[in-house]
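*Asks:* model the following, please.
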Amino acid sequence: MPKSPNRKPITREDVQAFHQHEQPVMLRDAQGLSFHGMDLSGLRFIECNLANCDFTGANLSDTQIVSCVLTEAKFEGCNLTNAQFVSCEMKGATMRETHAGRFQLVACDAANAVFEGSTFEEVSIAQTKLEYADFSNTAFYRAVVLGSAIDGTRFKDAVLSNFMLTDADLRPVDLSGVFVDIAVFAEADLSGHDLSGQSWQHCTFHQATFKGTNFNGADLSASVFAECDFEGASLKEVTANTTGFTKSRLDGVDLSGSRLCMANFAGASLKGASLNNSALFSAVFLETDCRAALFERSDLNQAEFSHADVSTASFASSSLTNAKFHAAKTEQTAFAGTSGRRIETDTDRLVAELYRTEKVALDGETTASRGTV
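*Replies:* Numbers count the residues shown, from 1 in each chain. Got it, this is the predicted structure:
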C-alpha cells in the first residue's frame, strides 16, 4: 500500500494566512478545525487532512480541493460556486442546503454523503462513488452524472431538470416523488420501480429497461423511448402526447385510457397490448407489430398504420377517420362498430414501394450489372 503523506498540523489562523497570501495549503493536517462562516474563496487545499472540519456557511467559491480527506466534513449552507473537488475521500460528508453552481465532483468517494435540500446548477459529477448518498429534496439544473456508482442513492422528491445520467442501474435507487424534465438516460435500468403519477417529460431513453415498471398515470409527454424494453410494465392512463416509443418492446403492456396523440410507435412491438379507450389522434404505428392488440373505443383519427401488422387486432367501436392502413396486414382484424372512413392500401403506391432496382431491370438496361432478375 502507498505510504500516507506526512502532513504537518495547521491552525485556522495559518489557513487564513495562506488565503491572504494566495498560497495553496499543501500536505497539512487540519482535522476537526472549524472554518464556520469564513471567506476561503479561491483557496487551494492539496493532499490535506480535512476530516471532520466544519465549513458551515463558508464561502468556498472558486476553491480547489484535491486529493484531500474530507470524511464527515460539514459543508452545510456553503457557497460552492466554481468549486472543484477532485480525488477526495468524503464518506459521510454533509452538504445540506448548499448552493453549488458550476461545481465539479470528480473521482471522489462520497458514499453515504448527505446533499439533502441543496441546489446543483451546471454541475458535473464524474467517476464518483455515490453509494447510499442522500440527494433528497435536491434540485439539479443542467447537471451531468457520468460513470458514477449510485447503488442505494436517494433522489426522493428531487427535481432533475436538464439532467444527464449514463450507464446507470437505477433499480436500487430511491426515485419516489422525483420530478424529471428534460433529461437524458443512456442504457439505464429502471425495472421494478413504482413511478405512477410522476412527471418524466422531455426525457430521452436509449436502450433502457423498464421490466415490471409502474408508470400508471405518469406524464411522459414529449419524451423519447428508443429501443426500450417494457416487458411486464404498466402504462395505464399515461399522458404521452408526441412521445416516441420507436423500436421498443411493449408486448402485452396495458396502455388503456391513455392520451397518446401524435405518439410514435414506429417499428415497435405491441403484440397483445391494450390501448382501449385511448386518445391516439395522429399516432404513428408505421411497420409496427400490433398482432392481437386492442384499440377498442379509441380515437384513432388520422392514425398511421401503413405496413403495420394488425392481424387479429380489434378496433371495435373506435373512430378511424382518415386512419391509414396502407399495406397493413389485416387478417381476422375486427373493425365492428367503427366510425369514419379509413384509408386502405394504394395499389400503385405499394407496387412502387416494392420495386427494387437491384432485382428489376428497366428497359434498355442489362441484368449483368444488377445480378439475376
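
*Asks:* so how far is stretch 212-225 from its chain's centroid?
*Replies:* Relative to the chain's own centre, stretch 212-225 is displaced by 11 Å; criterion: CA atoms, centre = their mean, to the nearest Å.

*Asks:* any idea of the mean pLDDT in that stretch?
*Replies:* For stretch 212-225, mean pLDDT is 97.

*Asks:* all helices of this structure, in order?
*Replies:* Ranges of helices within the chain are 12-20, 347-354, based on DSSP state H.

*Asks:* okay if I get these as TSV plus mean pLDDT and mean neighbour count?
*Replies:* C-betas here are computed from N, CA, C, even on glycine. Conversion of these to TSV gives the following (pLDDT from 0 to 100; neighbours: other CB atoms under 10 Å):
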stretch	mean pLDDT	mean neighbour count
helix 12-20	95	15
helix 347-354	74	11
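
*Asks:* rebuild the ones you listed as JSON lines, extending it with distance to Asp29.
*Replies:* Output for those, formatted as JSON lines (distance: least, CB to CB, whole Å):
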{"stretch": "helix 12-20", "distance to Asp29": "11"}
{"stretch": "helix 347-354", "distance to Asp29": "76"}
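
*Asks:* please enumerate the strands of the stretch 201-350 of the chain.
*Replies:* Assigned by DSSP state E, counting those that start in this stretch, the stretch 201-350 of the chain shows strands spanning 224-226.

*Asks:* who are the contact partners of Ala111?
*Replies:* Contact analysis of Ala111 by CB atoms under 8 Å, 6 or more residues apart in numbering lists 91-92, 129-133.

*Asks:* contact partners for the closest residue in space to it that isn't next to it in sequence?
*Replies:* Residue nearest to Ala111 in three dimensions, not counting chain neighbours: Glu131, with 4.5 Å by CB to CB, 6 or more residues apart in numbering. Contacts for Glu131 were tallied using CB under 8 Å, 6+ apart; they are 111-112, 149-153.

*Asks:* quick revisit: could you dump the contacts of Ala111 to a markdown table with distance to Ala283?
*Replies:* Formatted as a markdown table, the contacts of Ala111 follow (distance: CB to CB, whole Å):
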| residue | distance to Ala283 |
| --- | --- |
| Lys91 | 49 |
| Gly92 | 50 |
| Lys129 | 43 |
| Leu130 | 39 |
| Glu131 | 41 |
| Tyr132 | 42 |
| Ala133 | 40 |
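
*Asks:* specify which member of the residues you listed is nearest to Val184.
*Replies:* Leu130 (18.2 Å; CB to CB).

*Asks:* wait, the closest one sits on Ile150?
*Replies:* Yes: the pair Leu130 and Ile150 passes the contact test of CB atoms under 8 Å, sitting 5.0 Å apart.

*Asks:* between those two, who's got more neighbours?
*Replies:* Leu130 (25 against 22; other CB atoms under 10 Å).

*Asks:* what's near enough to touch that one?
*Replies:* By CB under 8 Å, 6+ apart, the neighbours of Leu130 are 110-111, 113, 145, 148-150, 153.

*Asks:* let's see it at 6 Å
*Replies:* When contacts are counted by CB atoms under 6 Å, 6 or more residues apart in numbering, Leu130 is found next to 110, 148, 150, 153.

*Asks:* and these, which of them are buried?
*Replies:* 110, 148, 150, 153 (16 or more other CB atoms under 10 Å).

*Asks:* I'd like the residues you listed as a markdown table, with distance to Gly32 and pLDDT appended.
*Replies:* As requested, the buried ones among the contacts of Leu130 are exported to a markdown table (distance: CB to CB, whole Å; pLDDT from 0 to 100):
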| residue | distance to Gly32 | pLDDT |
| --- | --- | --- |
| Ala110 | 20 | 97 |
| Ser148 | 29 | 91 |
| Ile150 | 30 | 92 |
| Thr153 | 28 | 95 |
